[in-house]
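A.B. asks: I would like to see how this sequence folds:
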Amino acid sequence: MLKILTSIFAVIGLLITLLIAAGIGGALYYQDAEVKEPDAVVLSLDFDQPVVEQIEPTPLEMAFAQNPTSLYDIINAIDKAKLDPHVKGIVAHFDDTQPSLTQSQEVRAALARFRESGKFTYAYGPSYGSFGQGNASYFLASSFENIWLQPVGSVSLTGVAVQSPFAKAALDKVGVQGDFMQREEYKSVMEMFTRDDFSPPVKVEMQALVEDLAQQIAGGIAESRHWDIEHVKNLMTEGPYTDEEALNAGLITHIGYRDELKNEIDNKAGLNSKFVNVDDYLAFKEPDDKKPTNATHVAYIHGTGLIANKAGGSGGLSGEHVMGANDIADAFDAAADDKKIRAIVFRVDSRGGSPEASETIRRAVVHAQLKGKPVIVSMGDVAASGGYWVAMNANRIIANPGTLTGSIGVVGGKFVVGGLAQKLGVNFETIKSTENAGIWSMVDGFSVPQRARVNALLDQTYQAFIKNVAAARKIPLETMPEIAKGRVWTGTQAIKVGLVDELGGFDVAMKAVRKNLNLTDTDLILLDEFPAPVSPAEKIIKLLKGFGVESSFIGNVLSQLHVLSMTLATLCGQLSIFDQPALTQLPAGFMKITR
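C.D. replies: Next up, the predicted model:
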């Protein structure tokens, strides 16, 4: 039996080693490969896989070539394709996975720019939502000129709903108590553990959010399909729709199969046309005569995920993002000290986290500004609580209409598991030097003196938050209670109360950069990523070093793998496993490079 297990583990180890080896070899080979663009290209957008803000593939994802597509790359590819004579049109595929509302809003804006070229656009899905929510999918699909639906498919356009679980009764049954304090009534993040339903203020807040988001979806569809918004709202009330109902209602333009769509595209683009995905399209090399020679350099810093002092395990096996304050602050310092950098674009997508870590990043923003580098913030899906804290001092804040932001408040406390321990027959005895020595113990709830100290900490953090927002946004301090108290706002709501400056996506942020730097629409801008992105090969090398593998050994292995990968690529027809970042041009002289 031991021999069999040993053999099994040996095979598993060999497979993992080969996968990692293939990854390193593939990455090294294609890093140097010259990829020629076909004469006729149909850009293929795959919304049936996750769209993410920032790509940091885990080792397992890299080994199995499971790389999601970044929102930025999609926008980049669409804008590049508009001016590319090789690109004949765009086809987007939808399925069960759907992009977020804000992602859809940014892609819709790019598609509107692309359609100015007169090239065709098709959306295709076996369903738009199926037996689930399809609002975001159809909201995006509606911006395509041609909307195809497979027979027996459906369009699940049904309006917006928010549903939240409340676990207080369940926790009571097992002897666990949520002991949390908040500033103020809208800061509801822990209410699911302390209540059995929405508190009255939060219920009012959530209803306003739902209605605003539904209005945005209806307005976008109405604009794309040239309908009155009230007509779209009626359609949302009566959904979902079968294929024939959707066709009769004008929600789709054709019912057909994927192979039929392929035939129609071939007739329009030519039989020699090639379907090319976003990553492969951006990997096409620019001719030497089109490479930039004179440009304005702008730093691009991406802050994604839970805000903490250190990134820790971010990008590990789980792939969960953490916005490490020290890393972000170092990136701002490096960009501020770089003489060729004239401005900084800070993309924020975070629900918040540590107040101290958020303050570290905010200070880095201010420090860069003091060194003469204006900072423009572009908000993603969420820039709330700590996500707003890090953005508040920017020279200009750009949010999508559907961005959730604000949440200017603070919550603190702990779970008390003493009751659960008693049920399990576990007894705790505490010996301490002071009354507050056990303040963070999860065995007992806060005593009166301990609760006073926690409230003092919360008051300090909350007051610092609202004072900084008032000063940064030039909002009278006495009006801050109307804006703060932990309330979450959509982008369209936030602009009305002064928390953001302008609505739009990354393209609007770049316009703000041009205006701040007094650049024209034709002046070339190069984006330099800070910190420099790590290639798949570098990630795997770092992983191997973490296991104690010597650099000299890795170097010897890589030299052999490079030769092996070239041979394998030749035998396999040079199929790409990893797509490398490339220099790509966008309209109005905007380009992206990596440092």
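A.B. asks: for the record, mean pLDDT for stretch 440-456?
C.D. replies: Average pLDDT, stretch 440-456: 94.
A.B. asks: end-to-end on it?
C.D. replies: By C-alpha to C-alpha, to the nearest Å, the extent of stretch 440-456 from end to end equals 15 Å.
A.B. asks: can you pull the buried residues of that stretch?
C.D. replies: By neighbour count on 16 or more other C-beta atoms under 10 Å, the buried set for stretch 440-456 is 441-446, 450, 454. For every residue, glycine as well, the C-beta is placed using N, CA and C.
A.B. asks: out of the residues you listed, who's nearest Ile341?
C.D. replies: Closest approach between these and Ile341, by C-beta to C-beta: Val454, at 42.0 Å.
A.B. asks: residue contacts, that closest one?
C.D. replies: The contact partners of Val454, by C-beta atoms under 8 Å, 6 or more residues apart in numbering, come to 181, 412-413, 439, 446.
A.B. asks: how about those residues, which pair is most distant?
C.D. replies: Pairwise distances across the contacts of Val454 peak at 12.8 Å for Met181 and Ile439 (criterion: C-beta to C-beta).
A.B. asks: hang on, the earlier thing: closest one of the buried residues of stretch 440-456 to Lys168?
C.D. replies: Closest approach between the buried residues of stretch 440-456 and Lys168, by C-beta to C-beta: Gly445, at 14.5 Å.
A.B. asks: kindly format the C-alpha coordinates of whichever strand or helix holds Asp528 as PDB.
C.D. replies: Secondary structure assigned from DSSP states H and E places Asp528 in strand 525-529. Presented in PDB, the C-alpha positions along strand 525-529 are these (Å, rounded to 0.1, in the frame of the first residue of the first chain):
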ATOM      1  CA  ILE A 525       0.800  59.600 -23.200                       C
ATOM      2  CA  LEU A 526       2.700  56.500 -21.900                       C
ATOM      3  CA  LEU A 527       1.400  54.800 -18.800                       C
ATOM      4  CA  ASP A 528       4.200  53.200 -16.600                       C
ATOM      5  CA  GLU A 529       2.900  50.700 -14.100                       C
END
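A.B. asks: check which helices and strands that strand sits against.
C.D. replies: For strand 525-529, the packing partners by 3 or more C-beta pairs under 8 Å, 6 or more residues apart in numbering; DSSP states H and E come out as strand 296-304, helix 506-517, strand 590-593.
A.B. asks: tell me the most buried of the ones you listed?
C.D. replies: Highest mean neighbour count of the helices and strands packed on strand 525-529: strand 296-304, a mean of 23 (counted as mean count of other C-beta atoms under 10 Å).
A.B. asks: skip ahead from that strand and say which helix or strand is next.
C.D. replies: Counting by DSSP H and E, the next helix or strand C-terminal to strand 296-304 is strand 306-308.
A.B. asks: next SSE downstream of that next one?
C.D. replies: Next helix or strand after strand 306-308 toward the C-terminus (DSSP H and E): strand 322-324.
A.B. asks: what's in contact with that next one?
C.D. replies: For strand 322-324, using C-beta under 8 Å, 6+ apart, the contacting residues are 303-314, 350, 353, 357, 361, 390.
A.B. asks: avg pLDDT for that strand?
C.D. replies: 93.
A.B. asks: tell me the domain ranges of the protein?
C.D. replies: The chain is divided into the following domains under automatic domain parsing: 1-31+551-579, 33-158+239-285, 292-406+490-535+583-595.
A.B. asks: same list (the ones you listed) but as a markdown table, adding distance to Lys423.
C.D. replies: As requested, the domains of the chain are arranged in a markdown table below (distance: least, C-beta to C-beta, whole Å):
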| stretch | distance to Lys423 |
| --- | --- |
| domain 1-31+551-579 | 39 |
| domain 33-158+239-285 | 38 |
| domain 292-406+490-535+583-595 | 31 |
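A.B. asks: who wins for proximity to Ile466 among the ones you listed?
C.D. replies: Taking C-beta to C-beta, domain 292-406+490-535+583-595 is the member of these nearest to Ile466, at 10.5 Å.
A.B. asks: residue contacts, the residue nearest to Gly504 when sequence neighbours are not counted?
C.D. replies: Nearest non-adjacent residue to Gly504, counting by C-beta to C-beta, 6 or more residues apart in numbering: Ile398, 5.5 Å away. By C-beta under 8 Å, 6+ apart, the contact list for Ile398 reads 376-379, 500-505, 508-509, 512.
A.B. asks: quick one: which of those has the most company?
C.D. replies: Highest neighbour count within the contacts of Ile398: Ser378, with 31 neighbours (other C-beta atoms under 10 Å).
A.B. asks: what residues does the residue lying closest to that residue once chain neighbours are set aside make contact with?
C.D. replies: Closest residue in space to Ser378, ignoring its immediate chain neighbours: Ala509 at 3.8 Å, by C-beta to C-beta, 6+ apart. Contact partners of Ala509, counting by C-beta under 8 Å, 6+ apart, are 345, 376-378, 396, 398.
A.B. asks: same deal with Leu111?
C.D. replies: Contacts of Leu111 by C-beta under 8 Å, 6+ apart are 78, 90, 121, 143-144.
A.B. asks: that one: helix or strand, and which one exactly?
C.D. replies: Applying DSSP H and E as the criterion places Leu111 in helix 101-115.
A.B. asks: give the rounded mean pLDDT of that helix.
C.D. replies: Helix 101-115 shows a mean pLDDT of 96.
A.B. asks: please apply the same query to stretch 52-60.
C.D. replies: Per-residue scores along stretch 52-60 average to 67.
A.B. asks: where exactly do the helices run in the stretch 151-300 of the chain?
C.D. replies: Using DSSP state H, counting those that start in this stretch, the helices found in the stretch 151-300 of the chain span residues 168-174, 191-194, 200-225, 229-238, 243-249, 258-269, 278-283.
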